[in-house]
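Q: How does the following fold in three dimensions:
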Amino acid sequence: MEERHAVADAWSFRARVEREAAARFARLATAIAGFDPESPVPALMRRAADDERRHGSLCTELAAEYGGSVAGNAGDVSVAPRNLGPRAAVLYEVVAACCVTETESVATLTTLLGEELEPRVEEVVREIARDEVVHGRMGWAHLARESAAYDVSFLAPMIPAMLSGTVDESLFAGGEAQPSNLLRHGVLPDSRKRAIFLQTLEEVVVPGLETFRIDPGPTRAWLAARQRSC
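A: Residues are numbered from 1 along each chain as shown. Sure thing, here's the model as predicted:
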């Protein structure tokens, strides 16, 4: 029974995250179209919003199969610092939501697909993973367009805040919040989640940001501090 509750909670949480992403992508699509009408990103974002709504339904159904439920409406509050102008704030949110969160999500889902999963869990993970790859790419595409229009290096000291908003700090406290026998239900133990998060940042996110002249120093310092605490 405790195992089922843990799995239900995990999929309920994912359902809420997917719903929030759907609302955020729809809002960002409108914002980007307003200042960059030639960009292909808004169309991708609108399609991504549809994807995330579908993902939310899939995760809700899976949570229900384990006895869980997803209550409440999805919130959509800007996570950008208030001192940023409208266009820079959109860039901050896109980098946080796509270049960081969606890129890390792809790595997590790919890891799960390498495990022996319950058939229905595998179906859901595979469908979400296919879409998340595109969601990550649209973030890098927007960053590329913005970097061609102005200097985006101002993001460098803000990346740690994005990272802190992506994961719970307890992930770096050590220990196992979930036992490894939940893997077949799509729930990774904390040690695996931590390793995937750190590896994805070091091998994909940080090098990617660096190509746009975003200083990796603050991010590497943030990573080093958390690795010391593990």
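Q: residues in contact with the most centrally placed residue in the chain?
A: The residue lying closest to the centre of the chain (CA atoms, centre = their mean) is residue 101, at 2.2 Å. Counting by CB atoms under 8 Å, 6 or more residues apart in numbering, residue 101 touches residue 166. Every residue, glycine included, has its C-beta placed from N, CA and C.
Q: Next, find the distance separating it from residue 88.
A: 19 Å (CB to CB, to the nearest Å).
Q: Let me know the helix or strand that the closest residue to residue 200 other than its chain neighbours is in.
A: Distances taken as CB to CB, 6 or more residues apart in numbering put residue 107 closest to residue 200, at 4.3 Å, once the chain neighbours are dropped. Using DSSP states H and E, residue 107 sits in helix 103-113.
Q: helices and strands around the least confident helix or strand in the chain by mean pLDDT, which ones?
A: Least confident helix or strand of the chain, by mean pLDDT, DSSP states H and E, is helix 217-229 with a mean of 88. Helix 217-229 sits against helix 159-166, helix 190-200, helix 206-210, with contacts defined as 3 or more CB pairs under 8 Å, 6 or more residues apart in numbering; DSSP states H and E.
Q: Remind me what the helix holding residue 107 packs against, helices and strands.
A: helix 119-149, helix 190-200.
Q: Check which residues of it are buried.
A: 103, 104, 105, 106, 107, 108, 109, 111, 112 (16 or more other CB atoms under 10 Å).
Q: which of those residues lies closest to residue 153?
A: Within the buried residues of helix 103-113, the smallest distance to residue 153 is 19.9 Å, found for residue 103 (CB to CB).
Q: give the contact list for that closest one.
A: 136, 139, 200, 204, 205, 208.
Q: tell me the mean pLDDT over the lengthiest helix in the chain?
A: Secondary structure of the chain per DSSP state H: the longest helix is helix 2-35. The average pLDDT within helix 2-35 is 94.
Q: got it, and stretch 194-203?
A: 93.
Q: got TSV for the buried residues of helix 103-113, with pLDDT and distance to residue 68 too?
A: Shown next, in TSV, are the buried residues of helix 103-113 (pLDDT from 0 to 100; distance: CB to CB, whole Å):
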residue	pLDDT	distance to residue 68
103	96	27
104	95	23
105	96	20
106	96	24
107	96	25
108	96	20
109	96	20
111	96	23
112	96	18
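Q: tell me the angle of the least confident helix or strand of the chain relative to helix 159-166?
A: Using axes from the mean of the first three to the mean of the last three CA atoms, to 10 degrees, the inter-axis angle of helix 217-229 relative to helix 159-166 is 50 degrees.
Q: For helix 217-229, list every residue counted as buried.
A: Those would be 218, 219, 222, 223, 226, for helix 217-229 by 16+ other CB under 10 Å.
Q: quick one on the thing from earlier: so can I have JSON lines of the buried residues of helix 103-113 showing distance to residue 129?
A: What follows is the buried residues of helix 103-113, written out as JSON lines (distance: CB to CB, whole Å):
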{"residue": "103", "distance to residue 129": "12"}
{"residue": "104", "distance to residue 129": "12"}
{"residue": "105", "distance to residue 129": "8"}
{"residue": "106", "distance to residue 129": "6"}
{"residue": "107", "distance to residue 129": "10"}
{"residue": "108", "distance to residue 129": "9"}
{"residue": "109", "distance to residue 129": "4"}
{"residue": "111", "distance to residue 129": "10"}
{"residue": "112", "distance to residue 129": "8"}
